[in-house]
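Student: no sequence for this one, just the structure:
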């Protein structure tokens, strides 16, 4: 598989459309790939871009999307971005410069964008999220706390029998909703929650937070921190040796973050996800072969968040291929059945939920996968 040209995938400013004549071109199907390019979640960007590029190349080997060659337009969807992403997206839609959105960003950004996209173009939201998205024209395809947290907590309770949990996350909708679900689930198991803490993005010092965790007496902690904040937390946690008394569970710790934490800071850290780069499945082996064929042996590490952009591109193509304009009147709640390719299975439909695995960090990789 050949490498992408500059036209297939590029970061671009709104002024570039006006000055370069791109607005006059109608031969491409332009997909705005909304990902964090800076800030706490910026560590996810390389794998998200690389995975989406594989999907673009595969789609363009056939008929593209809607019979047109696919082109990615990268837009910074980080909370810390200097220009509000909803203003950029609104202007691009008004100008007819983008035909669809594939977004891998936090839920707070999705909530802001849903108010400006307003069913003018299809919007595919790819990562795990808190559930409950019903906006017409917006399709959230990632896993929810009910699918991930419940089974993972049950497995850890059965194995390690922690009696006190702590909940630590960034201060926005996904951690708060996930923790609300976790508290209810733990209460049903007669297990106490002894600490609940929410931090702003880019929190300056994790040491007081980890010290408070140690003082709480918790023997398990659900970590719902994003990107660099999770890395900073785990580094301090490991340096203080708290793994001896506390197990960690995360829904958002992925392979790039794992490497950034450092091998000595990852003992008794567990992650739950529907995808891991090291999963030994036939579909994943095929996906990894295609991925490394395009990007080489030193490509960004494959992970759930990156794979989700590959999946999102293919879901978008399948949605428009199978159902035309039906996206204008449907949503995640009543989405039609969509046939599409993923890195998790050779093919799947939108009505089939993915398998979920609990994995343990071992050095700087995940292992010991348990199907939940």
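Tutor: Perfect, I can see it now. This one's a predicted model, so the numbers in the text were calculated from it and none came from an experiment.

Student: Show me what the lengthiest helix in the chain is packed up against.
Tutor: As assigned by DSSP state H, the longest helix anywhere in the chain is helix 304-323. Under the contact criterion of 3 or more C-beta pairs under 8 Å, 6 or more residues apart in numbering; DSSP states H and E, helix 304-323 touches strand 28-35, helix 45-60, strand 100-103, strand 123-125, strand 339-340. Quick note: C-beta positions are derived from backbone N, CA and C, even for glycine.

Student: mind giving me CSV with the ones you listed and columns for mean neighbour count, mean pLDDT and distance to residue 353?
Tutor: Shown next, in CSV, are those (neighbours: other C-beta atoms under 10 Å; pLDDT from 0 to 100; distance: least, C-beta to C-beta, whole Å):
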stretch, mean neighbour count, mean pLDDT, distance to residue 353
strand 28-35, 24, 96, 24
helix 45-60, 23, 97, 20
strand 100-103, 26, 98, 20
strand 123-125, 26, 98, 16
strand 339-340, 18, 90, 14
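
Student: closest to residue 286 out of those?
Tutor: Closest to residue 286 of the helices and strands packed on helix 304-323 is helix 45-60 (C-beta to C-beta; 11.4 Å).

Student: For the closest one, what is the distance to the chain centroid?
Tutor: Centre-to-centre, helix 45-60 and its host chain are 14 Å apart (C-alpha atoms, centre = their mean, to the nearest Å).

Student: Can you tell me what sits against the helix or strand just after it?
Tutor: Heading C-terminal from helix 45-60, the first helix or strand you meet, by DSSP states H and E, is strand 69-76. By C-beta atoms under 8 Å, 6 or more residues apart in numbering, the residues outside strand 69-76 that reach it are 7-12, 27-38, 49, 52-53, 56, 59-60, 64, 83, 85, 88-89, 92, 97-98, 313, 317.

Student: which residues in the stretch 51-200 of the chain form helices?
Tutor: 85-94, 107-117, 145-160, 173-188 (DSSP state H, counting those that start in this stretch).

Student: In CSV, list these along with mean neighbour count.
Tutor: Converted to CSV, the helices of the stretch 51-200 of the chain look like this (neighbours: other C-beta atoms under 10 Å):
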stretch, mean neighbour count
helix 85-94, 18
helix 107-117, 18
helix 145-160, 18
helix 173-188, 19
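
Student: May I see these arranged in JSON lines, with mean pLDDT and distance to residue 221 as well?
Tutor: Output for those, formatted as JSON lines (pLDDT from 0 to 100; distance: least, C-beta to C-beta, whole Å):
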{"stretch": "helix 85-94", "mean pLDDT": "95", "distance to residue 221": "31"}
{"stretch": "helix 107-117", "mean pLDDT": "95", "distance to residue 221": "21"}
{"stretch": "helix 145-160", "mean pLDDT": "95", "distance to residue 221": "11"}
{"stretch": "helix 173-188", "mean pLDDT": "97", "distance to residue 221": "11"}
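
Student: OK, contacts around residue 104?
Tutor: Residue 104 is in contact with 33, 34, 35, 44, 48, 126, 127, 305, 308, 309, 312, counting by C-beta under 8 Å, 6+ apart.

Student: close enough to count as contact, residue 353 and residue 146?
Tutor: No - Residue 353 is beyond contact range of residue 146, at 10.3 Å (criterion: C-beta atoms under 8 Å).

Student: Now for residue 156: which residues touch it?
Tutor: Residue 156 makes contact with 162, 220, 247, 249, 270, 358 under the criterion C-beta under 8 Å, 6+ apart.

Student: Quickly list what the third one is bridged to.
Tutor: Read it as residue 247. In this entry, residue 247 is beta-bridged to residue 220, by DSSP bridges.

Student: is it true that it touches residue 220?
Tutor: Yes - contact criterion C-beta under 8 Å: residue 247 and residue 220 qualify, at 4.9 Å.

Student: what do those two both touch?
Tutor: Jointly contacting residue 247 and residue 220 under the rule C-beta under 8 Å, 6+ apart are 156, 160, 162.

Student: any chance of these in CSV, with distance to residue 341 too?
Tutor: Listed next are the shared contacts of residue 247 and residue 220 as CSV, based on distance: C-beta to C-beta, whole Å:
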residue, distance to residue 341
156, 33
160, 37
162, 39
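
Student: Would you mind checking which of those is nearest to residue 339?
Tutor: Using C-beta to C-beta, residue 156 comes nearest to residue 339 of the shared contacts of residue 247 and residue 220, at 35.2 Å.

Student: quick one: residue 34 from residue 85, how far?
Tutor: Distance from residue 34 to residue 85, counting by C-beta to C-beta, to the nearest Å: 7 Å.

Student: what are the ranges of the strands in the stretch 151-300 of the chain?
Tutor: Applying DSSP state E, counting those that start in this stretch to the stretch 151-300 of the chain gives strands spanning 164-170, 192-199, 220-224, 247-250, 269-273.

Student: I'd like the average pLDDT over the last one.
Tutor: Average pLDDT, strand 269-273: 97.

Student: just the shortest one next, same as before
Tutor: For strand 247-250, the per-residue pLDDT values average out at 98.

Student: can you list contacts of it?
Tutor: Contacts for strand 247-250 (C-beta under 8 Å, 6+ apart): 152-153, 156, 160, 162, 219-225, 230, 234, 237, 268-272.

Student: if we can go back for a sec, would you list the helices and strands packed on helix 304-323 in JSON lines and tack on distance to residue 186?
Tutor: Formatted as JSON lines, those follow (distance: least, C-beta to C-beta, whole Å):
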{"stretch": "strand 28-35", "distance to residue 186": "33"}
{"stretch": "helix 45-60", "distance to residue 186": "32"}
{"stretch": "strand 100-103", "distance to residue 186": "31"}
{"stretch": "strand 123-125", "distance to residue 186": "28"}
{"stretch": "strand 339-340", "distance to residue 186": "35"}
